[in-house]
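[1] What would the 3D arrangement of this be:
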Amino acid sequence: MSRHGKRYFNALKKAPKKPVSLEEAVKFVKDHSGAKFDETVDVYFHLGKELTKGDTAVRGTVKLPNGSGKSVRVAVFAGGDAAEAAKAAGADFVGMADLIEKVVKESWCDFDVAIATVEAMKEVRKCARILGPRGLMPNPKTGTVTDDTATAVKEAKGGKVDFRMDRTGNMAVVAGKRSFDADKLVGNIKAIISAVQAAKPASVKGMFVKSMTIASTMGVGVPVIVSGDAE
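    Got it, this is the predicted structure:
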């Protein structure tokens, strides 16, 4: 039984089969909704299996210039002044031993971003088994291990998104909502492409991005021309 409905199959008949420009792809996604709700728009990259070996895994963060449109729940593992700063910045959950115990004992992950101070990481490592597989483990590379908790919380709430390649060389990055103006979605996607390009491991030669597709939550994927800038 397919999870797709009439909207999807009607759009599928009209969808470009060959890669189109970023602007054309965004227009198609906006014009052909896959659901009645305001869908999230994602960019999907295929980076090639040779990137899955050794230390060439691609990951990083990007600040979307027009925000993500998502309500982001942030958990901060910290104590003292750093905890107070996180609360003042709007963190949804702040704590130390209590939060760690909740994660470990209850497999609690009711948040989208986890931030920890450098000192707290000694204890937060106990949560690695739970947070790691879900991509929620704080990491210095994504700016989520920091003593400046206030800035980290504001960035997470303000449109900063993480990206991480999976074991098969694929990666999905949130670009915004289908209700966004087309130029705002294009601006966000260009920022994502630049960030992914900047994360290219030095050891990787030749074409970096094998293919790129844009799709809304329940919509049809539209292939996008991979320019030299994204290679």
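[2] Who are the contact partners of the nearest residue to N170 once chain neighbours are set aside?
    With sequence-adjacent residues excluded and distances taken as CB to CB, 6 or more residues apart in numbering, N170 is closest to H46, at 5.5 Å. All C-beta atoms are positioned from the backbone trio N, CA, C, and that covers glycine. Contacts for H46 (CB atoms under 8 Å, 6 or more residues apart in numbering) come out as G169, N170, V209, K210, S211, M212.
[3] Looking at those residues, which is nearest A116?
    Nearest to A116 out of the contacts of H46 is N170 (CB to CB; 27.6 Å).
[4] Look up how far V103 lies from that closest one.
    Distance of N170 to V103, computed by CB to CB, to the nearest Å: 27 Å.
[5] Check the burial of V104 by counting its neighbours.
    The local packing of V104 (other CB atoms under 10 Å) involves 14 other residues.
[6] the helices in the protein, which residues?
    For the chain, the helices defined by DSSP state H occupy 6-14, 22-31, 80-88, 97-106, 121-124, 128-131, 149-157, 182-198.
[7] Just give me the lowest mean pLDDT stretch among those helices.
    The minimum mean pLDDT among the helices of the chain belongs to helix 6-14 (a mean of 76).
[8] Could you give me the buried positions within it?
    R7, Y8, A11 (16 or more other CB atoms under 10 Å).
[9] same thing with stretch 14-31?
    A15, P19, V20, L22, A25, V26, K27, F28, V29, K30.
[10] Look up which residues are beta-bridged to the third one.
    Spelled out, it's V20. V224 (DSSP bridges).
[11] correct me, but it touches G221?
    No - counting by CB atoms under 8 Å, V20 does not reach G221; the two are 11.9 Å apart.
[12] ok, A128 to R73 distance?
    20 Å.
[13] So which of the two has more stuff around it?
    R73 (15 against 11).
[14] Could you report the separation of the more buried one from K6?
    Distance of R73 to K6, given as CB to CB: 33 Å.
[15] Equivalent analysis for V104, please.
    Using CB to CB, V104 is found at 45 Å from K6.
[16] And G34, by the same measure?
    Per CB to CB, G34 is found 10 Å from K6.
[17] What about K160, how many residues nearby?
    Around K160 there are 20 residues (other CB under 10 Å).
[18] That one pairs with what?
    K63.
[19] Looks like it contacts G67 (just checking).
    No - using CB under 8 Å, K160 is not in contact with G67, being 9.6 Å away.
[20] list residues touching both of the two?
    When CB under 8 Å, 6+ apart defines a contact, no residue borders K160 and G67 alike.
[21] Please tell me how far the residue located most distally from the centre of the chain sits from K87.
    The outermost residue of the chain relative to its centre, with distances by CA atoms, centre = their mean, is G80 at 29.7 Å. To K87, G80 is 12 Å away according to CB to CB.
[22] same check, this time on S211
    Going from S211 to K87 by CB to CB gives 43 Å.
[23] swap in Y8?
    To K87, Y8 is 43 Å away according to CB to CB.
[24] Same question for V74.
    11 Å.
[25] So between these two, which is more surrounded?
    V74 (24 against 17).
[26] Next, the contact list for that one, please.
    Shown in contact with V74 (CB under 8 Å, 6+ apart): G90, A91, D92, F93, F111, D112, V113, A114, I115, V153, A156, K157.
[27] Report the beta-bridge partner residues of it.
    Here V74, judged by DSSP bridges, has bridge partners V113.
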